[in-house]
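Enquirer: need a structure here:
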Amino acid sequence: MAEREGKHTRPTRYKTIKYIDYTLLFMVIFLLAFGLVMLYSTSAYNATLKTGDSAYYLKKQIVASVLGFVGMFACIKMDYHWFQKLAPLAYLGSLALCVAVIFFGTGKDDSNRFFYIGGISVQPSEIAKVCVIIFLAAMISRAPKQMRDFRYCFRVLLTILPLFAVVACTNLSTAIIIMGIAIIMVFVANPGYKEFVVAVLVMAVCVIVFINLEGYRQTRIEVWLDPTSSSKGYQTLQGLYAIGSGGLFGKGLGESIQKLGFVPEAQNDMIFSIICEELGLFGAICVILMFLLLLWRFMVIAIHAKDMFGSYLVIGIMAHIALQVILNIAVVTNTIPNTGITLPFISYGGTSIAILLTEMGIALSVSKGLQLDV
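Expert: Numbers count the residues shown, from 1 in each chain. Predicted structure coming up:
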C-alpha cells in the first residue's frame, strides 16, 4: 500500500490504529436511545389498549437491544476474519432458515416470516441480510481481479438469486434489500455503469414477476397511485396527515394525534411520520443528518480498512443501512408503494435491532485495524 517513489515524492507511511471508532459507537448509541424514546411515545397508546401495559413494546425492544449489544461487543472483541472462514456456512444456513420458515414459521396474510423460540420471535430474512454481506465480502476479496470481468460479477449475483427468490415468496421488500446490497457491493468492486444498469434491470424484472404472483402486491401499487381509491390507502393517508400537521417544529414530544389509532401499527414502519408530527420538519432533518453521519463513518472505515475483506464488510453494512433509510422514508412519504420496511434503530422489531447492532459490532471490529496516513 505504498506509493511509488519518484523524484519529488516520498513513500506513504501508514499507522495502524489500535482503538475502535468511538464516533460511530456514540452515533449508534444516540440513534438507539432516540429510537427507544420515540418508540415509547408512538406505541404507548396502542400498547395500553392491547396489553394494558404502556411500555409493552418498549420492554421488548430493550430486551432485543440488550441481545444486540451482546452480539455487538462479541464482534468487537473477535477478529472479523473469522467471518471470512464461516462465509459459505453462513449463507447456506440463512438460506436453509428462510426455506424452513415458509413451511414451519408463523405470520399473517399467508406469509410465514417468523419462528417463535421461547416466546421470542426470530425473523430469518433479517439474519439473511448480514449473512449475504459476509458471503459477498468473502467472495469479492478472494478474487478482486476476476471482479473486473462482467461474467464473473454476474455469476456472483446469481449465487444470491436463490436466497432472493426464497425470501421474495413471503417478504418481497426484504428480498429487494438483499439484492440491493449485493448489487451495490458488486458495483463497488466493478464500477462499470453498463453492468450496473443490467443488474438493476434484471432485479426489476424479478420484482415485477413476484409482484404479479400475489394479488395484494398489485393492490399496493394501485393504492400508491391513488391512496383514496381504496380503504387499503388509509394508513398511507394518515401518515401523510401526520407529516403535514407537524409543521416546522412539530406539536411536541408525546403530543401526536395520529398515533392514537389513526396510523395503524405506527411503531413499526410508519414511525417516521410520527417523528415528523411530534418534532416537525426540523426533527426529521436532524434524524436524516444522523443517518448521513453514520454512513460517513462507514465510508471512512471502509476506505482505511487494512484489507479488502474488512472494507467490503463495511461497504455491505453501509449499503444495508442506506437502503433501509431511503426506502422507509420513501414509503412514509408515498414516494414508492408501501413495502413494510423498518427505519433502522428506531422502528419496533426485535430481530432487526439485534442484527443491526451486531452489524455495528462487525464494523467496529474492522475499525480496530484502521490504517491512516502519517
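Enquirer: which other helices and strands contact the longest strand seen in the chain?
Expert: Criterion DSSP state E: the longest strand present in the chain is strand 111-117. Applying 3 or more CB pairs under 8 Å, 6 or more residues apart in numbering; DSSP states H and E, we find strand 111-117 packed against helix 81-104, strand 106-108, strand 120-122, helix 124-142, helix 150-170. (Each C-beta comes from the backbone N, C-alpha and C, glycine too.)
Enquirer: What is the burial count for the spatially closest residue to Lys59 that is not a sequence neighbour?
Expert: Distances taken as CB to CB, 6 or more residues apart in numbering put Asp53 closest to Lys59, at 7.7 Å, once the chain neighbours are dropped. Residues lying near Asp53 (other CB atoms under 10 Å) number 12.
Enquirer: How about the one 3 residues further on?
Expert: Burial of Tyr56 is recorded as 16 neighbouring residues (other CB under 10 Å).
Enquirer: Low-confidence ranges, the stretch 251-374 of the chain, go.
Expert: Within the stretch 251-374 of the chain, the ranges that satisfy pLDDT under 70 run 369-374.
Enquirer: what are the ranges of the strands in it?
Expert: With DSSP state E, counting those that start in this stretch, the ranges of strands along the stretch 251-374 of the chain come out as 371-373.
Enquirer: Could I get the full set of helices for this protein?
Expert: With DSSP state H, the ranges of helices along the chain come out as 22-51, 56-77, 81-104, 124-142, 150-170, 172-189, 193-213, 215-225, 234-246, 271-304, 308-332, 350-367.
Enquirer: Which parts of the longest one count as buried, going by neighbours?
Expert: Yep, that's helix 271-304 we're talking about. Using 16 or more other CB atoms under 10 Å as the test for burial, helix 271-304 gives 271-280, 283-284, 287, 290-291, 294-295, 297-298, 300-302, 304.
Enquirer: Show me the strands paired with the longest strand of the chain, marking each as parallel or antiparallel.
Expert: In the sheet, strand 111-117 lines up against strand 106-108 (antiparallel), strand 120-122 (antiparallel) (DSSP bridges).
Enquirer: Just give me the lowest mean pLDDT stretch among these.
Expert: Per-segment mean pLDDT for those reaches its minimum on strand 106-108, at a mean of 72.
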